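Visitor: Structure, please.
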Amino acid sequence: MLFNFFNISDLTAEKLTEILSIDVNKKILKNKNIGLLFENYSTRTRLSFSVGIQNMGGNCVDLRFSELNISRQESFEDTFRAFNCYLDGLIYRTTDHQKLIDAAHYFDKPIINALSDVSHPCQILGDLLTLKENFGSLEIHILWMGDMNNVLYSLVEAANILDQIKLTICSPTQISSPINWKMNSNIQVLTNLDSIDLEKVNCVMTDVFISMNDKDNDEKISLLKPYCVTSELMFKTASSSIFMHCLPAKVGLEVSEEVFRSSKSIVWRQAYNRMVAQQKLLQFIYQ
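Guide: Numbers count the residues shown, from 1 in each chain. Sure thing, here's the model as predicted:
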């Protein structure tokens, strides 16, 4: 059984495969109260968890950070000890990954990372489900364009676990060279696409160029502009290739309007599958 879910690396290949294929019991969360605590903005994650939990018979408790005593004078420890009195689980989005680890000392029910500055494991669960649904397996070549952020970190962790995935990361040297993530031999980092056979790329992924805890940075945006996903790039990939983006998107910056609205773009199916994948995760945790 999985207890807390902070990173994709909390899973083995067997557990990850099981989560993606597990059948969801629509009543498994009956009489369970799951808290949603978001320290910053959310659309898809908050909605997909809220609707998914309710569809499994659970009750969502929306914990508005600004309305809690922790925003005034109550300590972090006492706040999470209070949560522990009432809740059966917690979906927690934070700008500081360490808070997830600290929360687990005071809250002894399952905690799910709903995005931190380090990782976004629920996003990648949904992406893997979408890829498997689209291609029939995960024996695919993914090309990531742009920033090396928390979403990519979780994708790298997934590729480390599932070695049938080939992952190519294309990012400027100024961004990629300081990164010291663990990467297996099925993952490569490049600064340009000259050395890869784009016809064998099944999926092109990207994300916003300015991520969590990044300040607006004109220099970084300028550095990443050449890594925009364009129709010219998509045309060079496999005929059955798809485009994915975790959203929200800065259309016209990391992806062109033409690609984002094209038939190759499956971003809305990807968004829907966030709910499906998270229900599978909840099933796995509470079964």
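Visitor: Now do Gln73, the pLDDT please.
Guide: At Gln73, the model reports a pLDDT of 89.
Visitor: now do Ile101
Guide: 98.
Visitor: Torsion angles phi and psi at it?
Guide: phi -70, psi -40 (degrees, to the nearest 10).
Visitor: Let me see the contact set for it.
Guide: Phe6 (Cβ atoms under 8 Å, 6 or more residues apart in numbering). C-beta: built from backbone N, CA, C; applies to glycine.
Visitor: do you know how far it is from Thr95?
Guide: 14 Å (Cβ to Cβ, to the nearest Å).
Visitor: Likewise for Thr43?
Guide: From Thr43 to Thr95 the distance is 17 Å (Cβ to Cβ).
Visitor: for stretch 128-138, the distance to its chain's centre please.
Guide: 16 Å (Cα atoms, centre = their mean, to the nearest Å).
Visitor: where are the low-confidence patches of the stretch 1-150 of the chain?
Guide: Along the stretch 1-150 of the chain, the parts satisfying pLDDT under 70 run over 1-2.
Visitor: Name the nearest residue to the most centrally placed residue in the chain, ignoring sequence neighbours.
Guide: Closest to where the C-alpha atoms of the chain average out (Cα atoms, centre = their mean) is Gln123, at 2.4 Å. Distance criterion Cβ to Cβ, 6 or more residues apart in numbering; nearest residue to Gln123, sequence neighbours excluded, is Cys246 at 5.0 Å.
Visitor: Backbone dihedrals for that neighbour, please?
Guide: Backbone torsions of Cys246, given as degrees, to the nearest 10, read phi -70, psi -20.
Visitor: Let me know the pLDDT of it.
Guide: Cys246 carries a pLDDT value of 97.
Visitor: do you know how far it is from Ser42?
Guide: Separation of Cys246 from Ser42 (Cβ to Cβ): 12 Å.
Visitor: again with Ser177
Guide: For Ser177, the distance to Ser42 - Cβ to Cβ - is 32 Å.
Visitor: Looking at these two, which has the bigger crowd around it?
Guide: For Ser177 versus Ser42, the count of surrounding residues by other Cβ atoms under 10 Å is larger for Ser42: 16 against 11.
Visitor: count of neighbours near the residue nearest to the more buried one when sequence neighbours are not counted?
Guide: Once flanking residues are discounted, Ser42 sits nearest to Arg93: 6.0 Å by Cβ to Cβ, 6+ apart. The local packing of Arg93 (other Cβ under 10 Å) involves 24 other residues.
Visitor: Kindly state the beta-bridge partners for Arg93.
Guide: Phe38 (DSSP bridges).
Visitor: which residues touch it?
Guide: Going by Cβ under 8 Å, 6+ apart, Arg93 touches 37-40, 42, 45, 113-116.
Visitor: Now for these: which two are most distant?
Guide: The largest separation in these, counting by Cβ to Cβ, is between Asn40 and Asn113 at 13.5 Å.
Visitor: Between those two, which has more neighbouring residues?
Guide: Asn113 (24 against 11).
Visitor: show me the contacts for the spatially closest residue to the more buried one that is not a sequence neighbour.
Guide: Among residues not flanking Asn113 along the chain, Phe6 sits closest, at 4.7 Å (Cβ to Cβ, 6+ apart). Counting by Cβ under 8 Å, 6+ apart, Phe6 touches 97, 100-101, 111, 113, 116, 119, 121.
Visitor: Then Ile91?
Guide: 34-37, 45, 49, 111-112, 114.
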